[in-house]
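J.: here's a sequence, model it:
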Amino acid sequence: MQNASPAQAPDKKEPATIWNMAFITLFVTNLTFNMGQNMSNSLLPVYANALGASAAAIGVVASSFAVSAIAFRFISSPIMDTYNRKYIVVFAALTLAVAFLGFGMSGSITSLIGFRLVQGCGMAFGNACCLAMVSDMIPKDRYGAGIGYFSLAMVIAQALGPSVGLWMVDKVGYSATFTMNAGIMLVTAFLAFRIKLNFTRTKKLTLSVKNVLAKEVAIPTILLLLVITGYSFGGSFLIIYAREQGVTSNIGLYFTVSAVTVLITRPFLGRLTDKYGVVIVAIPALCCNVISCFIISNAHALWHFLVAAFIAALGSGVCQPSLQALSMKAVAGDRRGAASSTNYLGMDFGALFGPLLGGLVAQSLGYRMMYRFQAIPLAACMLILFLSKKWISNTEKSFAAEARAEAGQ
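T.: This is a model prediction of the structure:
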């Protein structure tokens with residue numbers, strides 16, 4: 001594997017530390033970008049439920065963004081590898097601002113789905129573009145830890161977003177809360193514009209299968225599809241299910257406990273991934289996710305949900321960032337946009353299938369059984385990880401050797 005010199009980097013030299021100025025600026029941008037999303041995403045199923053939607057319809061609302069996100073993924077990767085990525089993040093943030101304003105004006109399931117499709121357009125570019133940029137802002141020998149640290153922005157947003165969103169709805173209602181989310185996205189656009197990026201355009205925009213999809217990252221993309229399917233299978237219905245079990249207050253603590261646990265453990269788990277590899281760390285992590293599914297399926301008190309949140313966080317704290325880091329290791333520098341977009345394409349399919357399948361199972365068998373079925377895609381992910389351990393090990397060794405060679409130059 002040969003890594004070409006990146007055309008979009010904060011500096012021509014590899015950064016000496018993870019926490020350099022370019023990394024910090026992008027970290028804050030990623031934080032605000034995900035803050036607005038987490039506030040809105042946690043409220044939409046509850047809002048749809050308040051409008052009288054069935055479990056299956058709530059699943060459609062929760063997953064519909066993935067339809068447009070998947071469609072735009074097929075042009076987002078060549079765009080990210082051709083044009084200045086910071087302006088693409090600005091565009092993504094402004095698109096989400098429009099979607100969130102639309103949520104605030106919506107009074108029907110149809111309009112919610114429509115603006116959810118607009119949101120998917122922005123999501124096709126935002127997080128994937130940030131991941132492609134940050135890959136050039138961290139030392140190669142700290143990839144697992146660096147992307148783990150970077151993803152803490154998402155963790156902080158997950159900790160604060162749902163709780164702040166529920167609190168805001170109680171105080172000012174859905175419309176004002178979604179409008180505030182739109183304001184957060186305007187802040188994100190400003191921060192993205194301020195990112196210092198050494199951009200040199202090296203090629204023309206070309207739409208081809210090679211530019212759109214990175215076949216080199218097929219294995220981690222399939223794994224991410226299964227992971228996100230498992231995470232979103234029951235995640236969209238958690239607040240509704242908790243209220244059905246009589247937990248009517250403080251359920252927002254579930255997200256806080258989960259995110260704080262990840263915040264504390266992810267740097268440590270990132271270092272373990274760098275030292276021992278993805279397979280050895282990710283399989284036990286996925287076991288934690290499976291255990292949490294069965295705890296939730298039998299939960300009837302707040303503390304049951306909080307225990308499940310803690311155990312699940314031990315898994316989610318390592319799986320997604322380690323698989324994304326593996327993808328960035330598997331491609332050349334000028335292919336990271338395609339690799340990132342391919343990753344998020346798999347995650348979009350997971351986000352599409354998860355809530356739809358979860359809603360159908362919940363409507364047929366109830367929420368309790370739905371959480372037991374949630375363990376199936378996570379178990380499948382463990383099996384594929386084990387079967388792919390040779391390819392994963394070779395990719396990690398090749399990248400490590402390349403990093404050592406460049407360090408010795």
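J.: next secondary structure after the helix or strand of the chain with the lowest mean pLDDT?
T.: The weakest-scoring helix or strand in the chain, judged by mean pLDDT, DSSP states H and E, is strand 8-9 (a mean of 64). Counting by DSSP states H and E, the next helix or strand C-terminal to strand 8-9 is helix 21-50.
J.: relative orientation of the very next helix or strand once past that following helix and helix 21-50 in degrees?
T.: The first helix or strand that comes after helix 21-50 along the chain, using DSSP H and E, is helix 55-63. Angle, helix 55-63 to helix 21-50, by axes from the mean of the first three to the mean of the last three Cα atoms, to 10 degrees: 160 degrees.
J.: and residue 99, what does it touch?
T.: Counting by Cβ atoms under 8 Å, 6 or more residues apart in numbering, residue 99 makes contact with 115, 116, 118, 119, 122. (C-beta placed from N, C-alpha, C; glycine too.)
J.: counting neighbours, what do you get for residue 83?
T.: By other Cβ atoms under 10 Å, 16 other residues sit near residue 83.
J.: which helices and strands does whichever strand or helix holds residue 282 pack with?
T.: Following DSSP H and E, one finds residue 282 within helix 278-297. Applying 3 or more Cβ pairs under 8 Å, 6 or more residues apart in numbering; DSSP states H and E, one finds that helix 278-297 contacts helix 218-235, helix 252-276, helix 302-316, helix 319-329, helix 367-373, helix 375-387, helix 389-407.
J.: C-terminal to the first one, what's the next element?
T.: The reference is to helix 218-235. Scanning forward in sequence from helix 218-235 by DSSP H and E, the next helix or strand is helix 238-244.
J.: residues of that following helix that come out buried?
T.: Across helix 238-244, burial judged by 16 or more other Cβ atoms under 10 Å covers 238, 239, 240, 241, 242.
J.: any chance of those in a markdown table with distance to residue 253 as columns?
T.: Below are the buried residues of helix 238-244 laid out as a markdown table (distance: Cβ to Cβ, whole Å):
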| residue | distance to residue 253 |
| --- | --- |
| 238 | 12 |
| 239 | 12 |
| 240 | 16 |
| 241 | 15 |
| 242 | 10 |
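J.: and of these, the nearest to residue 190?
T.: Closest approach to residue 190 among the buried residues of helix 238-244 (Cβ to Cβ): residue 239, at 31.4 Å.
J.: and the pLDDT at that closest one?
T.: Residue 239 carries a pLDDT score of 82 in this model.
J.: residue 47 is in contact with that one, correct?
T.: No: using Cβ atoms under 8 Å, residue 239 makes no contact with residue 47, being 10.7 Å away.
J.: who touches stretch 362-382?
T.: Identification of contacts with stretch 362-382 by Cβ under 8 Å, 6+ apart yields 54-56, 59, 223, 226-227, 229-230, 233-234, 237, 240-241, 244, 283, 286-287, 289-290, 293-294, 296-298, 319, 350, 354, 357-358, 361.
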